[in-house]
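**Q** can you look at this prediction? I've put the sequence above it.
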Amino acid sequence: MRRAPIAVVVVVACAGALAGGACGPDLPERMWRSEHVRYFSRAGDDSVCPAILDQLEEHGQVIADALGIQRSIVSYYKFDGAADFHAHSVCDDVADGCAQNSTAYTPNGFERHELIHAYLAPYGVPPALLREGAAVALSCDRFPRPTGSWRDAYAADRLSPGREVYGAGGWLVGYLLRMFRATWLVNLYGKVASNATADEFARAFLERYGFELDNVWAAAISSPQMPMRCP
């Protein structure tokens, strides 16, 4: 495979930090870059090398082809282990990784879940059931069959110990990607706001898919196994 073009950049610390003041999160400063990826890691972190850009470029293209979306530039901040991540990232204290806009933050060298968020960020910020569901289904995470309604999961806290919204979202989105056009999912992604009520979400779903969400949910969780889409 042709090696992606690479540039190494060292970002100088901000003046406030040099003076002993706070300057926000302490993000990794070593940068490798390719056409669609800006990859940051610690200067002393030897768990990754520039060849990771080839893998990330291929992954981004595979997901773009699966969803029918355009490639955009994503930034990826790889911290040097969990302790570095929890001490210096922009994520919630209880999160193992996160994405903000088209930027992923994680202690892992290649974190598919957060990358899905970054790829889809230009298309909208929908409710967690759809947002986390897309990341679960397209990163091939596995969750037990949901036992409640989609409304139960919709109302659940995204950071709850049971992670109901992740499992339910993964079953729902996996089914949608299996049974319908992927572009419909992207359209719905941008159609409904993150703070939409359950009824508003159901109406937007009906307008886009032409089916009642209750019926599609029943079909999704009746599958013999989790209906993943693993491109």
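**A** Structure received. Residues are numbered from 1 along each chain as shown.
**Q** CA atoms only for stretch 78-91, dumped as CSV, please.
**A** Output of stretch 78-91 as CSV, limited to C-alpha atoms (Å, rounded to 0.1, in the frame of the first residue of the first chain):
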residue,chain,number,x,y,z
LYS,A,78,-4.2,9.5,21.1
PHE,A,79,-3.2,9.8,24.8
ASP,A,80,-0.4,7.7,26.3
GLY,A,81,-2.6,5.3,28.3
ALA,A,82,-5.7,5.7,30.5
ALA,A,83,-4.1,7.8,33.2
ASP,A,84,-2.9,10.4,30.7
PHE,A,85,-6.3,10.4,29.0
HIS,A,86,-8.3,10.9,32.2
ALA,A,87,-5.9,13.6,33.5
HIS,A,88,-5.6,15.6,30.3
SER,A,89,-8.4,15.0,27.8
VAL,A,90,-11.5,17.1,27.3
CYS,A,91,-13.9,14.2,27.9
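**Q** residues touching it, excluding its own?
**A** Stretch 78-91 is contacted by residues 24-28, 39-42, 44-45, 47-48, 77, 93, 96-98, 100, 105-109 when judged by Cβ atoms under 8 Å, 6 or more residues apart in numbering. Bear in mind the C-beta positions are built from the backbone N, C-alpha and C, glycine included.
**Q** inside strands: which ones of these?
**A** 39-41, 77, 98, 100, 105-106 (DSSP state E).
**Q** might one say that Trp32 is in contact with Leu53?
**A** Yes: under the criterion of Cβ atoms under 8 Å, Trp32 makes contact with Leu53 at 5.8 Å.
**Q** could you measure Ala204 against Ala198, distance?
**A** Distance, Ala204 to Ala198, by Cβ to Cβ, to the nearest Å: 11 Å.
**Q** mind checking which of those two has more residues around it?
**A** Remark: of Ala204 and Ala198, Ala204 carries more neighbours, 20 against 17, as counted by other Cβ atoms under 10 Å.
**Q** got a list of what the nearest residue to that one once chain neighbours are set aside touches?
**A** Once flanking residues are discounted, Ala204 sits nearest to Val192: 4.3 Å by Cβ to Cβ, 6 or more residues apart in numbering. With contacts defined as Cβ under 8 Å, 6+ apart, the neighbours of Val192 are 124, 126-127, 130, 200-201, 204.
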